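> One predicted model, sequence on top.
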Amino acid sequence: MNKPFGNIDAPNHVTGKSIYVDDIPVMAGIVHIKIFDATIAHGIIKSLDFTEAEQVEGIVKIFSYKDITGENQIGGIIPDEPLLAENEVHFWGQPILLIAAENEDAAEEAFHKIKIAFEPLPVITNPREAFAKGKLLSPTRKFVLGNTSEAFMQCKYVFEGTTESNGQEHLYLETQGAYAHPTEHNSVRIFSSTQGPTAVQKTVGRVLGVGMNQVEVDVARLGGGFGGKEDQASTYGAMAALVAFVLKRPAKCILHRMEDMRMTGKRNPYSSDFKIGLDEQYKILAYDATFYQNGGAAADLSPAILERTLFHSTNSYHIPNVTATANSCKTNLPPNTAFRGFGGPQGMFVIESAIDFAAKQLNISPTIIQQKNLLKDGDEFPFGQIVGECEAANCWNELVANNQLEKLQADIESFNANNKLVKKGYSLMPICFGISFTNTMLNQARSLVHIYSDGTVGVSTGGVEMGQGLNAKMMQVAAKSLGISTSKIKLETTNTTRVANTSPSAASATADLNGKAVQDACKQINERLFAFIKEELKLNDEAIAFVDDILHINNITTTHNWKELILKAYLKRTSLSAKGHYATPVINFDKTIEKGHPFAYHVYGTALTTVTVDCLRGIYEIDAVKVIHDAGASMNELVDMGQCEGGLVQGIGWMTMEEVVYNEQGKLLSNALSTYKIPDIYAVPKDIDVQFLNTQKDNLAILKSKAVGEPPLMYGIGAYFAIRNAVLAFNPNSNITYNAPITPEKVLMGLYSKK
Amino acid sequence: MIEFILNNKLIKTTQPSGSTMLDFVRYHKQLTGTKIGCREGDCGACTILVASFENGKLIYRNMTSCLMPLTNAQGKHIVTVEGINQAELTPVQQAMVDTNGTQCGFCTIGFVMSLTGFVMNETAIKYEDAIKAIDGNICRCTGYKSIEKAAKILIDKIAERPTNKLSWLVDNKFIPPYFIDIENRLKQINKTAETINQDALPVGGGTDLNVQKHHLVKQSVTNNLFDASHLKGIVVENNEVKIGASVTVTEFAESSITQTIFPNLAKHIKLVSSTPIRNMATLAGNLVNASPIGDMTIFLLALNAQIVFNTQRKIYLKDFYKGYKQLDKSPQELIEQIIFQVPNPTSLFSFEKVCKRTHLDIASVNTACLIQLNDNNTIEDIHLAAGGVAPFPKYLANTILFLKGKELNNDVIKEAINTMQNEVAPISDARGTKEYKLLLLKQLFLAHIENLINIEELV
């Protein structure tokens, strides 16, 4: 029907016409906001004096917590985070004051005239230390299947170890920001770069002390989110709204990159213990894992992230006896938050390390253990859900066959035997990722579809376009549901006055949830429209439908077209607008017993990563990543391929070069793009080959096209093990630990270390 | 008054000469296609094209507008994405759309501008050239593979590009017709900035200054060194290479003189920042910044370069550094020229650099070495420098002293490494622990000589 298209904003993106928050033409009287933040990770504010700062020419007002008209509280899950610090600060970069100025230079000058003194308190940056001191953000969670203590006694082999995975800076190219202006009736309108318009709305309502109906949030698009703007965009939305609300002037708060990096949370680092038991045939009988999540100074989304770590603690494997324990530890880092994968990658890194460690001890390839334990239909996950429509073995087998794994293994061995200072390594990385918010309540969405009297269509959803191609998919769903061409359809901004009570665009579920809500709205319109057409054309039981804007009766083309019939329907007073609603059926989860059926379905896949390590310099190149990915019946291969490639490279970044560094005082050292490196065009695998496992199975995915946002990130974990294997090929006695990312430093130190 | 052409419009502005081009186009001209990603030249979201006359020819190069002082636009053509937009998408834009080379879109215009600069550069024809053009553009969404595909489409398109290309580029809608007349229009504008106030803040390409002292620069009256004609050019006289202080890293890399002297120059320079930064960064700027890990400083130290000030005082570069950011230079002194002996053709020059990310990153350790062996495998002459191992760029005098006149063998190298490890004092920071930097220095020294001696037993 339509030529393949990717992101529908692409023509505007390439011409610079797409509008981001800082591009919105501002109203006269705009006030610029600069945040004055803590320069200590934990301490009491002994004195604070901004009288001189407030005298700087161009300063409108300096806001402290005392100027907050509602509640000084922005915690989403748990109310444990103030918008502005009161007497104590809990992380370096915590906002204390808001400088509202006529221009940025004045704000900058005032910033340096604020006098503050702290009384330092002990700083904790390590989650295990926090745990030992009883500092938890939320209660410990435990998933149990079978009985591990009994099962370990049946095991022929038992291995224990520890792993570390570091955080990850989101590095959305567009920094956090919001632009707000006061509206009538004591209300405020906010243009926010957020994945969660309702989260911003709710937070602003609370901070201002007004109803949600006095807060309008509008989102055109994001210059990247990746989870970093799921919860934390609310902070800056609330700041802009507060200043606009109090001063009755438009206000804008756009973070400088270095402010964004030091003030916002990142992917949660994890420190973990594992114990794995296998039988003689390398079947995993028992697995114990304890996770110490570095949550930072406030809960933010960490408790939910922790939960997903547990859901993915056994990745793509069936293990009959599992005890997985997870602690969300309170430290003095900025509150860590959602990041693509949402705790899943951290859990998977541990089980993959455990398997790798077992294989190394047994002197076999980890692929033997991985393959032998892959999930299959009927297996039980540690949280009680039964595996169905499993594609784990299908993906694995197709990948192994396509790439002649045995020959590849032999080639690498031979290469390594013949080269002293250059070594190759490879790894396989299967994934299994559950689709749905693990908080069942969030699995709902709404849409608003208007058909205008000229036949053009406007579609609003609760989903946010952040580059993932959501709007392309929503346009496809609407076009297919109505039987019209995509050129007639426009995707509107996401606005809380058009679609209320939205769930954030997260959990890979945005297209599924909002797409089904669009289908529902279109169905309602079709029912009314078709009733009108039948009456108008004097039809009875004939099957009618639009195909490419033309009315078909009993599958036969007619001379009636969409535009003509819509106008007639309108003139006959037919309602051509509808609100759609969708709530995912089947899913449930009982936290009191940690059992249920939390996921609508799972996404599977396997990646084969090959790398070359320069053992003189300790640097590496990723030669190729070959993937078989379970996309279901992809409804937009350009978009889905973009998600796979982009997610994979982001995962590789997390596992290789992206290193979040805090010093012992809790100050971020990797605080700019010059010290925090994400993959550039030379760093990506020379060859990325993603093949879709095309399946047409009945599932809860929109148009059978499975969710694709997060799962591919976890293929990147394969890069860690491939590089590690090459290091061990050079130095079998290396003391290299399971500590990601595997930076050039860790590689070189590993190459030349001794056990 | 600064005068230049912005897209199709003549601009005469009294904005501070040190303010950035990025702020000017976004907030004074409302050209919001150009994005703010990092304000330190590390992401490329603010990439623009800048055209100036090089040897009489108008050449377009990509630059990061966040670091470009407004004064450096004097007499030039500045092009933002709005300046290439036409009724239909340009072939560059269309290629990015067709390959889904854009997701969130925030980095996209940077890629579009860099690739447009690439198709306008008639010496660039290969796929590698296209990738090099976008090596300063960071994308967080796509994983770059779709953008690589867009680059491949463009390679096919420019295969038929004739040498006299401006009209071809216009005919094929890469750029709008107004570009044809730009050269003539620019000739009406003074090429150098209006006043050079000796008390003003000396500014070269701005690539370090605007990262470190942005708030100072943006409000300052500047002394524009970037386009000062007496600071440009590379010549050889009396077996000495003489380089103007404001020669950019790109000019250094593209000179036939340096390319002849350093056969691996392209490989070395690829490790130094990115194309847009190299297009702006001056050699003298790298020297006076005194960063302990300045790439070109290390490069020049290993050539035992000398620097000549505007006072005509001449010193060895190795004597220029006295401590962390401490220089043998009075505030009034400005570097005018960099001089080094043409190395003996039988000598070997090597530059090594390792960082977290191989390209567009600051070194954990960088090092350069010029070594000449005589027929008896004895080290006739050697110069060796390393960055990231001392408070300033380190000329490894003790190691050099030890190695000079010695036969090149395993024992000598082992002892040289000992000497080297004792004359440096790296610190642990975001770029690595001191233990790592010490080991890395050893490894990279071995890399320098890997073609002269079998290093397998030495690692």
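Cool, the structure landed. Note that the coordinates shown come from a computational prediction; the quantities given were computed from them, not determined experimentally.

> so where do the helices sit in the stretch 301-450 of chain B?
With DSSP state H, counting those that start in this stretch, the ranges of helices along the stretch 301-450 of chain B come out as B:397-403, B:410-422, B:434-448.

> Output these as CSV; include the columns mean neighbour count and distance to B:Gly44.
From N, CA and C alone the C-beta is placed, and that goes for glycine too. Shown next, in CSV, are these (neighbours: other Cβ atoms under 10 Å in any protein chain shown; distance: least, Cβ to Cβ, whole Å):
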stretch, mean neighbour count, distance to B:Gly44
helix B:397-403, 19, 38
helix B:410-422, 16, 37
helix B:434-448, 22, 28
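
> Any idea which of the ones you listed gets closest to chain A?
helix B:434-448 (4.6 Å; Cβ to the nearest Cβ).

> Of all the helices of the stretch 301-450 of chain B, which one comes closest to A:Glu184?
helix B:434-448 (61.0 Å; Cβ to Cβ).

> Check what pLDDT B:Lys132 gets.
Looking at B:Lys132, its pLDDT reads 98.

> Equivalent analysis for B:His214, please.
88.

> Residue 165: neighbouring residues, count only.
With no chain named, the answer covers chain A. A:Ser165: 27 surrounding residues under other Cβ atoms under 10 Å in any protein chain shown.

> ah, no, chain B please
17.

> and of the helices of the stretch 301-450 of chain B, who's closest to A:Asn636?
Comparing the helices of the stretch 301-450 of chain B under Cβ to Cβ, the one sitting nearest is helix B:434-448, at 44.8 Å.

> Tell me the bridge partners for the nearest residue to B:Met113 once chain neighbours are set aside.
Leaving aside its chain neighbours, B:Met113 sits nearest to B:Thr47 (4.5 Å; criterion: Cβ to Cβ, 6 or more residues apart in numbering or on different chains). Taking DSSP bridges, one obtains B:Thr64 as the residues bridged to B:Thr47.

> what's the answer for A:Asn294, then?
A:Cys329.

> neighbours of it, just the number please.
28.

> What pLDDT does the model give the closest residue to chain B within the stretch 201-350 of chain A?
Scanning the stretch 201-350 of chain A for the residue nearest chain B gives A:Gly223, at 3.0 Å (criterion: Cβ to the nearest Cβ). Looking at A:Gly223, its pLDDT is 98.

> A:Pro11 now?
Per the predicted model, pLDDT is 98 at A:Pro11.

> for the one 5 residues further on, same thing?
Among the per-residue scores, A:Gly16 holds a pLDDT of 98.

> right, and B:Val92 touches B:Phe174 too?
Yes - the criterion here is Cβ atoms under 8 Å, and B:Val92 meets it with B:Phe174 at 6.6 Å.

> before we move on, the earlier item: my guess is the residue of the stretch 201-350 of chain A closest to chain B is in a helix, correct?
No - under DSSP: H, G, I helix; E, B strand; the rest coil, A:Gly223 falls outside any helix and is assigned coil.

> can you pull the contacts of it?
When contacts are counted by Cβ atoms under 8 Å, 6 or more residues apart in numbering or on different chains, A:Gly223 touches A:Tyr20, A:Tyr172, A:Leu173, A:Glu174, A:Ser193, A:Met466, A:Gly467, B:Lys35, B:Cys104, B:Gly105, B:Phe106.

> Around A:Met27, how many other residues sit close by?
With other Cβ under 10 Å as criterion, A:Met27 counts 10.

> Which phi and psi values does the one residue in chain B that gets nearest to chain A adopt?
Proximity of chain B to chain A (Cβ to the nearest Cβ) peaks at B:Gly33, 2.1 Å away. For B:Gly33, the backbone dihedrals (degrees, to the nearest 10) come out as phi -60, psi -30.

> what's the burial count for the residue nearest to it when sequence neighbours are not counted?
When the adjacent residues along the chain are set aside, B:Gly33 lies closest to A:Gly16, with 2.1 Å between them (Cβ to Cβ, 6+ apart). The number of residues packed near A:Gly16 is 24, by other Cβ under 10 Å.

> Kindly report the same for A:Ile386.
By other Cβ under 10 Å, the residues close to A:Ile386 number 10.
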